[in-house]
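In: the following comprises the amino acid sequence and a computationally predicted model.
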Amino acid sequence: MLERLNEALYHLESSLDREADIAEVARIAGVSEYHFRRLFSALAGMPLGVYVRRRRMTLAGADVLAGELTLLDVAVRYGYGSGEAFARAFRSVHGIGPGEARRAGAVLTAQPRMSFRVVVEGSTTMRYRIVEKESFRVVGRKARVPLVHEGVNAAATAHVESLDAQDIVRLKELTGAEPEGVLSAAAYVTDSREEGAEVDYWVGVVTGSDTVVEELDALDVPAGTWAVFDNRGPYPSALQDLWRDVFTQWFPSNPYTARPGPELLRTRPVEIGAETDSQLWIPVERGSSSSRM
């Protein structure tokens, strides 16, 4: 699959002078546009749109410094209909406007062209199973928190601590479907997995699709396929590593792609650094055979 991803990036690189057709790029990669955006973000550490803008402005910066074209001609070359729109995009990447960049000694920011390759750093096994699940409802408390790749997520921790004992008792009374018990659910607001991207973070339980509890928030989840990963390790680093490995190692090596839906995590409340058993549920769908490595 990495070969197809690199073919897709090559195609993307050839279209930096116009509006990128991400659906076509995803088709070349052999996956859905949704999965391609999610996979790229996990592998690259930035949203696809940010990478495209940085690459486009890297090339535009070279043209600006060369001085062979007018600034308007450079703007048109890279698909901008006005000098003002081009200047805003240029400044967002380089920190200065294109006019300033033509002054002697201007410092610009370059985004290198990206490609993916396999680097073997050790032997890691991942225990998983595939589960077909009917529609269900997550009932609990929701908060908007930023995504944190390493270390403690202070906003998520504060949300968990805001639940009192009565809330927890009420939630435990409602549980009755797999995965059982109080869990967390992350529903991504955008396709980005960049540090700081916003996530709807739930603390709740899985219930039947017709369960109604007026004093609690509810998230309806349609029927579908889930990849379930069992994990043991220090909290929270082992879980953060697992999330990363699922998208950077498991997906490229298996005939499944991500689909829209919340990612569910069941783990015991533990002290930072303590060993804990956890279970991660990722919504997936089976991809075509062309998406395999």
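Out: Thanks, I have it. Numbers count the residues shown, from 1 in each chain.

In: flag the shaky bits of the stretch 101-250 of the chain, pLDDT-wise.
Out: 104-105, 117-125, 192 (pLDDT under 70).

In: try 50 this time
Out: Scanning the stretch 101-250 of the chain for pLDDT under 50 picks out the ranges 120-123.

In: so where do the helices sit in the stretch 1-150 of the chain?
Out: Along the stretch 1-150 of the chain, counting by DSSP state H, counting those that start in this stretch, helices occupy 2-13, 22-29, 33-44, 48-66, 71-77, 83-94, 98-101.

In: what's the fourth one packed up against?
Out: This means helix 48-66. Contacts defined by 3 or more Cβ pairs under 8 Å, 6 or more residues apart in numbering; DSSP states H and E place helix 48-66 against helix 33-44, helix 71-77, helix 83-94, helix 98-101. Every C-beta, even on glycine, is put in place using the N, C-alpha and C of the backbone.

In: likewise for the shortest one?
Out: Helices and strands in packing contact with helix 98-101 are listed as helix 48-66, helix 71-77, helix 83-94; criterion 3+ Cβ pairs under 8 Å, 6+ apart.

In: how about the strands of the protein, start to end?
Out: 127-133, 136-146, 183-188, 198-207, 217-221, 224-234, 256-258, 263-267, 275-286 (DSSP state E).

In: quick one: the fifth one to strand 127-133, angle?
Out: Note on geometry: by axes from the mean of the first three to the mean of the last three Cα atoms, to 10 degrees, strand 217-221 and strand 127-133 are set 90 degrees apart in direction.

In: cool, and the second one?
Out: Taking the same axes, to 10 degrees, strand 136-146 and strand 127-133 form an angle of 120 degrees between their directions.

In: so for residue 170, which of the helices and strands packed on helix 48-66 sits nearest?
Out: With Cβ to Cβ as the criterion, residue 170 lies closest to helix 33-44 of these, at 33.4 Å.

In: may I see the buried residues of the closest one?
Out: Across helix 33-44, burial judged by 16 or more other Cβ atoms under 10 Å covers 33, 35-44.

In: what's it packed up against?
Out: Contact here means 3+ Cβ pairs under 8 Å, 6+ apart; on that basis helix 33-44 packs against helix 2-13, helix 22-29, helix 48-66, helix 251-253, strand 256-258.

In: recalculate using a threshold of 6 Å.
Out: Applying 3 or more Cβ pairs under 6 Å, 6 or more residues apart in numbering; DSSP states H and E, we find helix 33-44 packed against helix 22-29, strand 256-258.

In: quick one: average pLDDT of the longest one?
Out: Looking back up the chat, that one is helix 22-29. Here helix 22-29 scores 92 as its mean pLDDT.

In: starting at the chain centroid, how far to that helix?
Out: Centroid displacement of helix 22-29 relative to its chain, using Cα atoms, centre = their mean, to the nearest Å, is 18 Å.

In: okay, the angle between it and helix 33-44?
Out: 70 degrees.

In: not counting helix 22-29 itself, show me its contacts.
Out: Under the contact criterion Cβ atoms under 6 Å, 6 or more residues apart in numbering, helix 22-29 has outside partners 4-5, 7-8, 11-12, 33, 36.
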